[in-house]
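Can you look at this prediction? I've put the sequence above it.
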Amino acid sequence: MYTAITFIFAILALLFIVWGARVLLRGSWVLGFLRGATGLSLIAGALFILTVAADIYSYKHLLTEKSIATVSFVKTGEQEYLAKFADEDGLSQSFTVLGDQWQIDARMLKWKGPVAGFGVEPAYRLDRLSGRYLTLQDEREKAESVHTLVESDFGVDVWFWVKSSGRLGAFADAEYGSATFLPMEDGAVYDVRMNQEGLAARPLNNQAKRALGEWD
């Protein structure tokens, strides 16, 4: 009985092999498959290019130094502040920042080679806001706070590709622009400015000026 069952299944398998081979060897099917595969590859490539374009579009061109954001602080506890961040487009975000000082970072793309030859200016995208403690012991023992300001869409990160790829380095440099760590103070407001060298933050009110004076 088991021999008969095995034989039946072997015959069925052989029939399926012959059937599959006939389908695969039909010229029209092969050409259709190739056309379909080529079309799907082109569509996939187009979608990938669109995601790369969307990521690049999230960067802003930098012509001259300009104000790109304001950051204000409200003290909520010991070495704890509520930071209110507002960028040039009016987008507002709030974060809990731990420590004594704060810093803001931006990603910068500086074009070179043939791209720069077309007059494309450097571009930037705000990246993160972080806190820092004054003492090394606090840095080692206490919780840190790093907040992302803008994330890459669709999982594509052109800046990272340029940073990690030697080939793309012929077209652009990927750099971090960081403002110097500045003191956090209850009620302090800072103006964040960007130029082609990086970021700078300046006090906008008396609380921020006083904090800088005491820190210096």
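Cool, got the structure. This structure is a prediction, so every number in the text was calculated from the model and none was measured.

C-alpha from now on. contacts and neighbour counts both.
Noted.

can you give me the strands for the protein?
60-61, 66-77, 80-87, 92-98, 101-111, 123-132, 146-148, 172-178, 182-183, 189-195, 198-203 (DSSP state E).

helices and strands around the second one, which ones?
Contact partners of strand 66-77 among helices and strands, from 3 or more C-alpha pairs under 8 Å, 6 or more residues apart in numbering; DSSP states H and E: strand 80-87, strand 189-195.

Against residue 178, how distant is residue 105?
Plainly put, residue 105 is 4 Å away from residue 178 if you go by C-alpha to C-alpha, to the nearest Å.

for residue 155, same thing?
Distance of residue 155 to residue 178, computed by C-alpha to C-alpha: 24 Å.

isn't residue 70 right up against residue 188?
No. Taking contacts as C-alpha atoms under 8 Å, residue 70 lies outside contact range of residue 188: 10.5 Å.

So which of these two has more stuff around it?
residue 188 (23 against 20; other C-alpha atoms under 10 Å).

Not counting residues beside it along the chain, what's closest to that one?
Leaving aside its chain neighbours, residue 188 sits nearest to residue 208 (4.3 Å; criterion: C-alpha to C-alpha, 6 or more residues apart in numbering).

ok now do that neighbour, which residues does it touch?
184-185, 187-190 (C-alpha atoms under 8 Å, 6 or more residues apart in numbering).

try residue 146
Here residue 146 is in contact with 97, 128-131 (C-alpha under 8 Å, 6+ apart).

Between all of those residues, which two are separated the most?
Largest separation among the contacts of residue 146 by C-alpha to C-alpha: 97 and 128, giving 11.6 Å.

who has more neighbours, these two?
residue 97 (26 against 17).

Show me what the more buried one is bridged to.
Under the criterion DSSP bridges, residue 97 forms beta bridges with residue 81.

Residue 82 is in contact with that one, correct?
Yes. Using C-alpha under 8 Å, residue 97 is in contact with residue 82, at 6.2 Å.

center of this protein, which residue is that?
Using C-alpha atoms, centre = their mean, the residue of the chain that lies closest to the mean C-alpha position is residue 152, 3.7 Å off.

can you count the residues close to the spatially closest residue to residue 75 that is not a sequence neighbour?
The shortest distance from residue 75 to any non-neighbouring residue, by C-alpha to C-alpha, 6+ apart, is to residue 81 (4.4 Å). Neighbour count for residue 81, taken as other C-alpha under 10 Å: 23.

Outline the domain layout of this protein.
2-57, 62-215 (automatic domain parsing).

Lowest average pLDDT across those?
When those are compared on mean pLDDT, domain 2-57 scores lowest, with a mean of 70.

Roughly how far does residue 175 sit from residue 98?
Per C-alpha to C-alpha, residue 175 is found 26 Å from residue 98.

This completes my enquiry, with thanks.
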